[in-house]
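Enquirer: kindly generate the corresponding structure for this input.
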Amino acid sequence: MKKEKKTVLHGFHLEKGANMASFGGYDMPLWYSTGVKAEHLAVIQGAGVFDTSHMAVVMVRGDGARELLQRCFTKDLERSVGRGKTPLIIGRCVYGIFLHPDGTVIDDAIVYQLGVKEYMVVVNAGMGPMVADHLLKAVEDDTRVEDLTDRVGKMDIQGIASARILKKIMRDPETLFEGMVYFSFKGGFGSFPTAVTETELLDGTRVLVSRTGYTGEFGFELFVEREQLESLWNQLLVAGEEYGVIPCGLAARDSLRAGAVLPLSHQDIGPWPFLANPWQFALCWNDDQNGFTKDFIGADALLEETDLQYTYAFAGFDPRKISSEASYVTDSGKNKIGTILTCTTDMAIGRQNGQIVSIAENTGDERGKSFTPKGLSCGFVLLEKKCETGEEIYLTDGKRKLKVEIRSDVRPGRTARLPIRTMV
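Expert: Numbering: from 1, shown residues only. The predicted model follows:
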């Protein structure tokens with residue numbers, strides 16, 4: 001049996017009594033003694049920290065680095081930033097997919113441009129070797145590809161208080177936060193180049209601060225050298241005490257990302273063509289939506305695909321959820337029409353007069369003041385037929401049956417894109 005890996009924060013997780021489980025080859029915390037609901041709500045109402053150092057980093061360097069990524073990554077780096085679709089530049093990052101030639105998914109990733117010829121590719125736990133090998137097979141010059149699995153320290157702080165907490169341990173936070181838009185980053189770490197401006201903790205530790213995350217809420221992903229991660233983690237927990245920051249496990253991360261309609265690689269996207277799903281923004285469709293703005297591995301297969309499967313987000317009408325294993329989806333006529341990919345409960349939302357309401361929404365009326373969420377089931381289904389938003393379907397394990405509706409969005413009032421000047 002292959003021995004599970006441990007992150008540098010593994011001792012902290014055990015000391016705090018975390019419920020541990022295997023994930024991506026690592027022994028990771030599912031939740032702490034505070035419980036999943038408290039961790040989920042902490043991110044919505046304050047802040048939570050996540051150990052994400054099990055994720056892998058692949059460096060791509062050289063004269064042909066950008067062209068290599070253009071051949072292998074679904075996002076067009078020349079048309080990827082902002083509503084104007086301008087080229088990727090130093091200090092900006094983009095989300096996209098690495099595909100097999102048949103259009104099925106290897107992994108999703110965020111590509112950061114660190115320098116003129118240097119890019120950092122952040123992929124999921126255990127995927128560093130596979131993505132690095134995929135890139136190396138496409139190299140046509142002296143571009144260097146290096147898998148840095150288990151050699152980088154990474155953690156996330158997510159929630160509306162994230163900037164106010166991070167500000168307390170940063171040297172020159174005003175420069176750090178100035179003009180920092182969603183999907184931008186500053187700083188560097190280790191031997192990596194500094195992007196835009198140097199960013200250091202008060203103790204002199206170099207850190208790359210990225211305004212990204214996997215919760216749909218305002219926050220940051222932080223990169224340091226591996227041996228400096230535990231100190232950064234502890235500094236943020238101390239600095240965040242007045243804001244109620246708590247460590248959060250994978251279960252809260254899962255419920256938060258599902259409510260934000262974000263996919264889990266190898267579960268919501270996987271060994272089927274990356275088409276007909278809520279994440280088409282990860283592809284570089286042309287204006288007519290009938291082709292791509294560049295060629296990339298897997299593009300031809302996607303354009304030629306005719307046997308579509310449809311991935312949809314859903315939300316239920318109460319907190320109950322159903323295991324995705326051995327369960328399936330039916331229509332109102334009890335006909336089996338697909339499978340359940342993810343089913344969890346977003347504990348920050350509920351329904352009022354048929355509408356989904358979140359405690360994060362500042363409604364300014366009596367409804368918002370009196371709202372106490374009970375939670376709603378949510379997640380993703382993979383169906384054999386096309387459905388419309390609002391259409392009701394049923395999740396069942398053969399005994400229990402839950403009615404849910406197809407949704408274009410789930411948790412309202414998310415904060416990830418709010419102007420940083422309102423969050424500091």
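
Enquirer: which residues are contacting stretch 413-424?
Expert: The contact list for stretch 413-424 (C-beta atoms under 8 Å, 6 or more residues apart in numbering) reads 160, 162-164, 167, 173, 177, 179-182, 211, 213, 215-219, 260, 358, 360-362. (Glycine included, C-beta is placed from N, CA and C.)

Enquirer: how far away from the center of its chain is that stretch?
Expert: Chain-centre distance of stretch 413-424: 17 Å, with C-alpha atoms, centre = their mean, to the nearest Å.

Enquirer: now that stretch: average pLDDT?
Expert: When pLDDT is averaged along stretch 413-424, the result is 94.

Enquirer: likewise for stretch 110-124?
Expert: Mean predicted confidence for stretch 110-124 is 97.

Enquirer: one more: stretch 39-58?
Expert: 97.

Enquirer: for stretch 348-363, same thing?
Expert: 86.

Enquirer: for stretch 372-383, same thing?
Expert: The average of the pLDDT scores along stretch 372-383 is 95.

Enquirer: what of stretch 78-88?
Expert: On average, stretch 78-88 scores 94.

Enquirer: in terms of helices and strands, where is the residue sitting nearest the centre point of the chain?
Expert: Central residue of the chain (C-alpha atoms, centre = their mean): residue 214, 3.0 Å from the mean position. When elements are assigned from DSSP states H and E, residue 214 belongs to no helix and no strand.

Enquirer: hmm, back to that, any quick PyMOL command for the buried ones out of the contacts of stretch 413-424?
Expert: Selecting only the buried entries of these in PyMOL, with 16 or more other C-beta atoms under 10 Å as the criterion:
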select buried, resi 160+162+163+164+173+177+180+211+213+215+216+217+218+219+260+358+360+361
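
Enquirer: which of the contacts of stretch 413-424 fall in strands?
Expert: In strands, judged by DSSP state E, the following of those are found: 219, 358.

Enquirer: who are the contact partners of the spatially closest residue to residue 58 that is not a sequence neighbour?
Expert: Using C-beta to C-beta, 6 or more residues apart in numbering and skipping the chain neighbours, the partner closest in space to residue 58 is residue 121 (4.3 Å). For residue 121, the contacting residues are 57, 58, 59, 60, 69, 109, 110, 111, 112, 131, 135, by C-beta under 8 Å, 6+ apart.

Enquirer: leaving out chain neighbours, which residue sits closest to the fourth one?
Expert: Residue nearest to residue 60 in three dimensions, not counting chain neighbours: residue 119, with 4.5 Å by C-beta to C-beta, 6+ apart.

Enquirer: and that neighbour, how many residues sit next to it?
Expert: As a burial measure, residue 119 scores 24 neighbours (other C-beta atoms under 10 Å).

Enquirer: who are the contact partners of it?
Expert: Neighbouring residues of residue 119 by C-beta under 8 Å, 6+ apart: 59, 60, 61, 65, 66, 69, 111, 112, 113.

Enquirer: burial of the third one, as a residue count?
Expert: Read that as residue 61. Neighbours around residue 61, by other C-beta under 10 Å: 18.

Enquirer: and the fifth one, by the same measure?
Expert: Residues lying near residue 66 (other C-beta under 10 Å) number 21.

Enquirer: that one contacts residue 77, correct?
Expert: Yes: with contact defined as C-beta atoms under 8 Å, residue 66 counts as touching residue 77 (6.1 Å).

Enquirer: low-confidence ranges, the stretch 151-300 of the chain, go.
Expert: Along the stretch 151-300 of the chain, no part satisfies pLDDT under 70.

Enquirer: break down the stretch 251-400 of the chain into its helices, ranges please.
Expert: Shown for the stretch 251-400 of the chain, the helices assigned by DSSP state H, counting those that start in this stretch span residues 299-304, 366-370.

Enquirer: any idea which of these scores lowest on pLDDT?
Expert: It's helix 366-370: among the helices of the stretch 251-400 of the chain, that one has the lowest mean pLDDT, namely a mean of 55.

Enquirer: so where do the helices sit in the stretch 101-250 of the chain?
Expert: Taking DSSP H, counting those that start in this stretch to define them, one finds helices in the stretch 101-250 of the chain at 128-137, 162-167, 173-177, 229-239, 250-259.

Enquirer: so which of those helices is the most surrounded?
Expert: helix 250-259 (a mean of 26; mean count of other C-beta atoms under 10 Å).

Enquirer: ok, residues contacting it?
Expert: Residues from elsewhere that reach helix 250-259, judged by C-beta under 8 Å, 6+ apart: 21, 23, 28-31, 36, 39-40, 43-44, 48, 50, 158, 214-217, 264, 342, 344-349, 378-380, 410-411.
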